[in-house]
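Colleague: I need the structure of the sequence given here:
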Amino acid sequence: MAYRRTAAVQARLDAQREAVLQSAVGLLAERGYGGCTMAAVADRAGIATGSLYQHFANKAELSVQLFRRVVTHEIDAVNAAVARRETPQQRIAAVVETFAARALRAPRLAYALLVEPADAVVDGERLVFRRAFRDVIATEIAAAVAKGELPEQDPVLTAAALVGAVGEALAGPLAAAPESEGSTTAVVPALVSFTLRALGGRDDSDA
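Modeller: Numbering: from 1, shown residues only. Prediction:
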């Protein structure tokens, strides 16, 4: 007869898995992917390394779940910012502003999410991450074009180009100071202006 976990055992394992992921998020923010070894995560979570393998077969599997946890949080933050804006152009600006500002406030974490060398499976997750942001922007571009607020263009292509440009623009500052707190003073407004101009719209400074 196959062993069936009781509800109490399953609840304990679920709580332990959650503690592991929370510990991994903390390590990722402090040390990047390089510091998220199985042993380090287990130690932070207060469990034996062997117990960690009850939840994740290897570091690659842990890294994927960790990436999804953090990325979901970032996408939720962007969607919340978008919901507070009225026009499509304001919502597009909110995506870039929120994403860049949060990245620069937590440069070590953002560096790990965007550019730090990692397992191939993590690179696959990064592609999903970029597409999620692309789709948010593309939806707003399509709405603005339909209202005549932006010139005709391919919303998905433009959105993909913007996501790539913003990520590349942030890579330098994040790599230069991954351990520091970072500053949004000049970079974020510049990225928002670039985004609005790239769309074919107008920035306030163009008035």
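
Colleague: tell me the contacts of the residue nearest the centre of the chain?
Modeller: For the chain, the residue whose C-alpha lies nearest the mean C-alpha position (Cα atoms, centre = their mean) is residue 71; its distance is 3.9 Å. Contacts for residue 71 were tallied using Cβ atoms under 8 Å, 6 or more residues apart in numbering; they are 113, 125, 128-129, 132. Every C-beta, even on glycine, is put in place using the N, C-alpha and C of the backbone.

Colleague: Also residue 77?
Modeller: If you count contacts by Cβ under 8 Å, 6+ apart, then residue 77 has 98, 102 around it.

Colleague: Distance check, it against residue 107.
Modeller: Distance from residue 77 to residue 107, counting by Cβ to Cβ, to the nearest Å: 16 Å.

Colleague: I'd say residue 192 and residue 98 touch.
Modeller: No - applying Cβ atoms under 8 Å as the test, residue 192 and residue 98 come out as separate, 10.3 Å apart.

Colleague: What strand or helix carries the residue nearest to the centre of the chain?
Modeller: Applying DSSP states H and E as the criterion places residue 71 in helix 59-83.

Colleague: roughly how far is the helix or strand following that helix from the heart of the chain?
Modeller: Using DSSP H and E, the next helix or strand after helix 59-83 towards the C-terminus is helix 88-105. For helix 88-105, the distance between its averaged C-alpha position and the chain's averaged C-alpha position is 12 Å (Cα atoms, centre = their mean, to the nearest Å).

Colleague: got the angle between the longest helix belonging to the chain and helix 88-105?
Modeller: When every helix of the chain is counted residue by residue (DSSP state H), the longest turns out to be helix 120-146. Relative orientation of helix 120-146 with respect to helix 88-105: 150 degrees, computed using axes from the mean of the first three to the mean of the last three Cα atoms, to 10 degrees.

Colleague: distance between helix 120-146 and the chain's centre?
Modeller: In this view, helix 120-146 has its centroid 11 Å away from the chain centroid, taken as Cα atoms, centre = their mean.

Colleague: Show me what it is packed against.
Modeller: If contacts are counted by 3 or more Cβ pairs under 8 Å, 6 or more residues apart in numbering; DSSP states H and E, helix 120-146 sits against helix 59-83, helix 88-105, helix 107-114, helix 155-176.

Colleague: same thing but 6 Å
Modeller: In terms of contacts (3 or more Cβ pairs under 6 Å, 6 or more residues apart in numbering; DSSP states H and E), helix 120-146 is packed against helix 59-83, helix 88-105, helix 155-176.
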